[in-house]
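Engineer: Sequence first, predicted model second:
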Amino acid sequence: MTNVLEYLERTLESIADRNKVAFYGAAKAKDTSSAECLTFDELSKLSRSCGSYLVSQKITKQPVAVFMKKSPTMIAAFLGVAYAGNYYIPLDSEMPEFRIKLILQSVNPSLIICDEATAAIAEKWELTKCNICIFNDISNHPVSEVGLSDIRNKAIDADPLYVVFTSGSTGTPKGVVATHRSVIDYIENLSQVLNVSSDSVFGNQSPLYLDACLKEVYTTLKFGSSAYLIPQSLFMFPVKLIEFINDNGINTICWVASALSLVAGLGALKAITPKTLHTIAFGSEIFPIKHYNMWREALPDARFIHLYGPTEATGMSCFYETKQTYNEDESIPIGYPFKNTEIVLIDDNGKIPEDGQPGEICIRGTCLSPGYFKDAEKTQAAYIQNPLSAFPDIIYKTGDLGRRGSQGELYYISRRDHQIKHLGYRIELAEIEWVANACDNVGLSCVVFDNTDSRIIMYYVATNTATNASEAEVASKTAVRSYLKANLPRYMMPQSIIELDELPRTPGGKLDRVGLLERYREEKKQ
């Protein structure tokens, strides 16, 4: 297999009902009738027509921007771009306008595919040398069997499939290139780990402009399963979110840990059980043990799988199936590498650290991205020659610190840039969060460090369990500070402890640490 489009084509050949819905669009809970849906047959026809239009315009082997609302037709546009031998640049109407413009300046595509709403936005930008077309207008183009066949015959698995841009908050974002080969490698391994089948029903949490959506998009195409693009608004109402899961028979979710923490931390699992779920994969952030245990206790028979991996390695690279609850002083391993992937720990001297000692997590294998789009300097800095190899061998330096356990399992420690030096001590900010999240009065915490005045700042959301004046006092900031003093060394104690109604998140659902630090610095000026 050399092209991801073969997933859809093989499914169409083998599926019993070509009119089975592949992707369900946004809809209110208990009402999927208003949702935009695409069957496998419709998805194939739309994407092949879109690809034929691009071929007719002689747009091949180029970046094509797809600027649409999150919907099944956006996925059809992705596939249409691939059918024409191009690679797609996913954009979304929820992204900040300045960020979209930076990406377009970097990529300089000759064409941007929009829906009716986003086309009106794009037209105001007065883009030069970039034509705007509406997907509904080009998705009815006559299919060119000869043109599409010619493109496929010349394609190889090292061809790029997409470029996704990292969520850096300043400067031009970095575009990470993925190939058909790296995506296929990922989907083949992930589907084995999750035990995906045609009966799988995914609940998608991530935006379609992030590589996190690969878990639902291409596994659905491979197995002829189904996926719901869950409305982002439901994640603000955890009980309604669980109702949506149950009403639609969603049985498999792959969410960032903070999304699961939100559901558990606000008490939704006590109000309602997500009874249809049997597979819960989580990653991208540390999952607080308190919240993980709540999920495990609510769904004792479900499979819980910890996933780890960077965008530069095309999705996830490690997995660990948990089969227990954990004590608050324990951490969940990120486990073992996928097949055809190797994890190498390298210390500051370019050697393998001694047993149990930390080192930077480096990745090698087919999963690796070719690098950053039009940025050879950053590519060469992150994708380096393996210092342990005697032959040309590229590995990716993740910037994450990890260590091996007694059984060879891998544990994530922290980001290199989350390790600070304060009062002469090296401190892992994640360790402070770990302690804070164990406090009964803390729903979720996020710790940042302001190096301009050497202050540790902890933001947190209270559990809000108080029902009377005395409980309100216990749940106060004073009580949280007392807990931290009793459980942290003095040099790790935050100088500022700030309660918020909710913690800000990036578009992908992760805690927005950069935004919190900027918030602190702005408030400090006032």
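Structural biologist: Arrived safely, thanks for sending.

Engineer: show me where pLDDT drops low in the chain?
Structural biologist: 27-35, 167-172, 417-419, 421, 424-426, 464-476, 508 (pLDDT under 70).

Engineer: middle-most residue in it, spatially?
Structural biologist: Ala212 (3.4 Å; Cα atoms, centre = their mean).

Engineer: Under a three-state scheme, what state does the closest residue to it other than its chain neighbours occupy?
Structural biologist: Leaving aside its sequence neighbours, Ala212 sits nearest to Ser206 (Cβ to Cβ, 6 or more residues apart in numbering; 3.7 Å). All C-beta atoms are positioned from the backbone trio N, CA, C, and that covers glycine. Under DSSP: H, G, I helix; E, B strand; the rest coil, Ser206 falls in the coil class.

Engineer: Confirm that Asp329 sits in a strand.
Structural biologist: No. Asp329: not assigned to a strand; according to three-state DSSP it is coil.

Engineer: What's the local residue count around it?
Structural biologist: 9 (other Cβ atoms under 10 Å).

Engineer: and if you look at the one 4 residues further on?
Structural biologist: Look at Pro333: counted by other Cβ under 10 Å, it has 20 neighbours.

Engineer: hang on, it packs against Lys323?
Structural biologist: No. Pro333 lies out of contact with Lys323 (Cβ atoms under 8 Å); the separation is 11.8 Å.

Engineer: and the longest helix for this structure?
Structural biologist: In the chain, assigned by DSSP state H, the helix with the most residues is helix 40-56.

Engineer: ok so, going back, identify the residues contacting the residue nearest to the centre of the chain.
Structural biologist: Gln205, Ser206, Cys254, Val256, Ser284, Gly315, Gly508 (Cβ atoms under 8 Å, 6 or more residues apart in numbering).

Engineer: so who does the closest residue to Arg481 other than its chain neighbours touch?
Structural biologist: Setting aside the residues directly before and after it, Arg481 is nearest to Ile497 in space (Cβ to Cβ, 6+ apart), at 5.7 Å. Contact partners of Ile497, counting by Cβ under 8 Å, 6+ apart, are Ile457, Met458, Tyr460, Lys477, Val480, Arg481, Leu484.

Engineer: Now, of those, which are buried?
Structural biologist: By neighbour count, with 16 or more other Cβ atoms under 10 Å, those hold Ile457, Met458, Tyr460, Val480, Leu484 as buried.

Engineer: doesn't Asn451 make contact with the first one?
Structural biologist: No. Contact between Ile457 and Asn451 fails when scored by Cβ under 8 Å: they sit 11.5 Å apart.

Engineer: got the contact list for stretch 433-440?
Structural biologist: With contacts defined as Cβ under 8 Å, 6+ apart, stretch 433-440 is touched by 286, 288-291, 328, 331, 442, 444-447, 458, 460, 463, 480, 483-484, 487-488.

Engineer: hmm, try it at 6 Å
Structural biologist: Pro288, Lys290, Glu328, Val442, Ser445, Val447, Tyr483, Asn487, Leu488 (Cβ atoms under 6 Å, 6 or more residues apart in numbering).

Engineer: And for stretch 126-134, what's in contact with it?
Structural biologist: Contacts for stretch 126-134 (Cβ under 6 Å, 6+ apart): Pro109, Leu111, Ile112, Ile113, Cys114, Ala119, Ala122.

Engineer: Pull up the pairing partners for the strand of greatest length in the chain, direction included.
Structural biologist: Ordering each strand of the chain by length in residues (DSSP state E) puts strand 394-404 first. Taking DSSP bridges as the criterion, strand 394-404 sits next to strand 359-365 (antiparallel), strand 383-385 (antiparallel), strand 410-415 (antiparallel) in its sheet.

Engineer: domain assignment for the chain?
Structural biologist: 5-13+20-179, 334-410, 425-525 (automatic domain parsing).

Engineer: ranking these by burial, who's on top?
Structural biologist: Comparing the domains of the chain by mean neighbour count (mean count of other Cβ atoms under 10 Å), domain 5-13+20-179 comes out on top with a mean of 19.

Engineer: now it, how far from the centre of its chain.
Structural biologist: 19 Å (Cα atoms, centre = their mean, to the nearest Å).

Engineer: one step back: hmm, which two among the contacts of stretch 126-134 are most spread apart?
Structural biologist: With Cβ to Cβ as the measure, no two of the contacts of stretch 126-134 lie farther apart than Pro109 and Ala119, at 14.8 Å.

Engineer: Not counting stretch 190-209 itself, show me its contacts.
Structural biologist: With contact meaning Cβ under 6 Å, 6+ apart, stretch 190-209 is reached by 70, 74, 90-92, 212-213, 216, 219, 223-230, 245, 249-253, 255, 259, 279, 319, 507-508.

Engineer: now the helices: where do they sit in the stretch 351-500 of the chain?
Structural biologist: 376-382, 429-437, 469-474, 477-487 (DSSP state H, counting those that start in this stretch).

Engineer: what inclination does the last one have with respect to helix 429-437?
Structural biologist: Using axes from the mean of the first three to the mean of the last three Cα atoms, to 10 degrees, the inter-axis angle of helix 477-487 relative to helix 429-437 is 120 degrees.

Engineer: list the helices and strands helix 477-487 packs on?
Structural biologist: For helix 477-487, the elements it packs on are strand 496-499, judged by 3 or more Cβ pairs under 6 Å, 6 or more residues apart in numbering; DSSP states H and E.

Engineer: so what strands line up beside the strand it packs on?
Structural biologist: Strand 496-499 is paired, per DSSP bridges, with strand 455-462 (parallel).

Engineer: so Thr2 touches Asp159, yeah?
Structural biologist: No. Judged on Cβ atoms under 6 Å, Thr2 makes no contact with Asp159 at a distance of 8.8 Å.

Engineer: which residues are common contacts for these two?
Structural biologist: Shared contacts of Thr2 and Asp159, defined by Cβ under 6 Å, 6+ apart, are absent.

Engineer: got the residue ranges for the strands in the stretch 201-350 of the chain?
Structural biologist: Using DSSP state E, counting those that start in this stretch, the strands of the stretch 201-350 of the chain run over 201-204, 226-229, 252-256, 279-283, 303-308, 318-322, 336-337, 341-346.

Engineer: Between those, which one is closest to Ala22.
Structural biologist: strand 226-229 (6.3 Å).

Engineer: helices and strands around that closest one, which ones?
Structural biologist: strand 21-24, strand 201-204.

Engineer: Restricting the selection to alpha carbons, write it to PDB.
Structural biologist: The C-alpha trace of strand 226-229 is given here as PDB (Å, rounded to 0.1, in the frame of the first residue of the first chain):
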ATOM      1  CA  SER A 226     -18.100   5.800  11.500                       C
ATOM      2  CA  ALA A 227     -17.000   9.000  13.200                       C
ATOM      3  CA  TYR A 228     -18.900  11.900  14.800                       C
ATOM      4  CA  LEU A 229     -17.400  15.300  14.700                       C
END
